[in-house]
Structures are given as C-alpha cells and as structure tokens.
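Asker: what would the 3D arrangement of this be:
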Amino acid sequence: MYEELRNELKKRKYRITAQREMILKIFLESRGRHLGVEEVYRELLNRNVRISKATVYRSVELLVELGFLRKLNFGEGLYRYELADRSNRESHQHVICQKCGRIVEINSEQVNKIISDISKKTGYVIKWHDLKFYGICPECQAKEKEEEKRSK
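Answerer: The predicted model follows:
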C-alpha cells in the first residue's frame, strides 16, 4: 500500500513524506479500529515522530482525498477515520455501543437488499451509503446486569 501511496502522491504532484507514510502505517497497524486525529497524533508521539498536530490533520485529510482513508462521523463531535479498501469501494455499516463507544463493522446481506430495493424504487444508482446502528454491546450489557445484581 505504501507504493500505491507514493504513486498517487507523485501523480498528483504532492511530496512523498515520511510523516504521511507513518500516518498510513498507523492505520494499517490499527487492525480495523476507527481512529481520531488526536489518537493518530498521540501514537506518532509515542513512536518519537516529531510532527505538529496541524500536519497530522492536513495529512489525514489528504489521505481521505486520495482515497486511502474514509472519514466517518459517529455523532461524537469529532471525525474518525478508517483504512479504505481501494480495491473494493463497497459501503459497510457500523454498530456503535452507546455506553463504551466500541464500533463494530458489519456487511449485511439484508441491508444490501434494502439498498437494492431503494435503488429500484427511486431510479437512483446508489454509489455509497452511511448506515449506523446504535445499541449496547454485549460487554456493556453484562456490566449493566452485574451492577443491577449488586444494587439489589
């Protein structure tokens, strides 16, 4: 993916910088986590990378523009980012825990069928969608049950 990034930067006449590559590396190593710019910035500092927060913001936005990252809004007052699959631009859905903020990605056949139905009914060619489900994750449910038992 680094070579792909270098080629895309060169093609669009952007400089190939170590900082941009490090930011992409953090997302590659994040194992599907949805990171905010602050988390990326802290991780760079933990790795002793000297970089300004403004450079991280600009670099992350550039990686979104180039299609390497996807920008997501989970209603927390900040954007989160995930690694975009450049070979498969299919949308996917997220389930978000309202207690701990844990985010799980899903790709459901049923949701894809609904999208297909919407497309047929409206005549729109749906290129992308953003669908989020909010609830309580199993771990938080278990904690709630434990707290209820203790309070009785």
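Asker: the chain - how does it break down into domains?
Answerer: 1-86, 90-152 (automatic domain parsing).
Asker: can you get me a residue count around Val60?
Answerer: 25 (other Cβ atoms under 10 Å). All C-beta spots, glycine's among them, are computed from the backbone N, C-alpha and C.
Asker: the helices in the protein, which residues?
Answerer: Per DSSP state H, the chain carries helices over the ranges 2-11, 18-29, 37-46, 53-65, 109-122, 138-151.
Asker: which residues touch the fifth one?
Answerer: Read that as helix 109-122. Gln93, Tyr124, Val125, Ile126, His129, Leu131 (Cβ atoms under 8 Å, 6 or more residues apart in numbering).
Asker: so which of the residues you listed is the most crowded?
Answerer: Going by other Cβ under 10 Å, Gln93 tops the contacts of helix 109-122 with 16 neighbours.
Asker: identify the bridge partners of that one.
Answerer: Beta-bridge partners for Gln93, by DSSP bridges, are Ile106.
Asker: and if you look at Arg80?
Answerer: Leu72.
Asker: and it, what does it touch?
Answerer: His34, Leu35, Gly36, Lys71, Leu72, Asn73, Phe74, Ile103.
Asker: for Arg15, same thing?
Answerer: Contacts of Arg15 by Cβ under 8 Å, 6+ apart are Leu9.
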